[in-house]
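Q: Generate coordinates for the sequence data below:
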Amino acid sequence: MTPSDLAERARNLREESGLTQRDLADKIECSPSTISKAENYHKGDGMISARITIIETLTDEKVEGPFYG
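A: Next comes the predicted model:
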């Protein structure tokens, strides 16, 4: 799985859950801009842990690596 795949998965899960970026940010106690950055992959953006947190929160499952760029 690549960091880009994580970003896409995070966005899809949020949308399928019917949550806005603000709703999800409130749920995981971060800013809406963090959610936006996590969902919009840019190489080297350092958002892997945020993406994992989003996915784990919305699926109640542990995300395991490794992740390749």
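Q: which residue sits closest to the residue nearest in space to the middle of the chain in space, ignoring its chain neighbours?
A: Nearest to the geometric centre of the chain sits Arg51, at 2.8 Å (C-alpha atoms, centre = their mean). Nearest residue to Arg51, sequence neighbours excluded (C-beta to C-beta, 6 or more residues apart in numbering): Leu6, at 4.0 Å. All C-beta spots, glycine's among them, are computed from the backbone N, C-alpha and C.
Q: Where does the one you found fall, secondary structure wise?
A: Secondary structure from DSSP states H and E places Leu6 in helix 3-16.
Q: roughly how far out does that helix sit from the chain middle?
A: Taking C-alpha atoms, centre = their mean, to the nearest Å, one finds the center of helix 3-16 at 6 Å from the center of the full chain.
Q: which helices and strands does it pack with?
A: helix 32-39, helix 48-59 (3 or more C-beta pairs under 8 Å, 6 or more residues apart in numbering; DSSP states H and E).
Q: so what does the shortest one touch, helix or strand wise?
A: Pointing back at helix 32-39 there. Looks like helix 32-39 contacts helix 3-16, helix 21-28, helix 48-59 (3+ C-beta pairs under 8 Å, 6+ apart).
Q: any chance of these in CSV, plus distance to Lys37 and mean pLDDT?
A: Converted to CSV, the helices and strands packed on helix 32-39 look like this (distance: least, C-beta to C-beta, whole Å; pLDDT from 0 to 100):
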stretch, distance to Lys37, mean pLDDT
helix 3-16, 9, 97
helix 21-28, 10, 98
helix 48-59, 7, 96
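Q: Nearest to Ser36 among those would be which one?
A: Closest approach to Ser36 among those (C-beta to C-beta): helix 21-28, 5.8 Å.
Q: For the closest one, buried residues please.
A: Gln21, Leu24, Ala25 (16 or more other C-beta atoms under 10 Å).
Q: Next, the angle from it to helix 3-16.
A: 100 degrees (axes from the mean of the first three to the mean of the last three C-alpha atoms, to 10 degrees).
Q: Check which helices and strands helix 21-28 sits against.
A: helix 32-39, helix 48-59.
Q: go with 10 Å
A: In this structure, helix 21-28 makes packing contacts with helix 3-16, helix 32-39, helix 48-59, judged by 3 or more C-beta pairs under 10 Å, 6 or more residues apart in numbering; DSSP states H and E.
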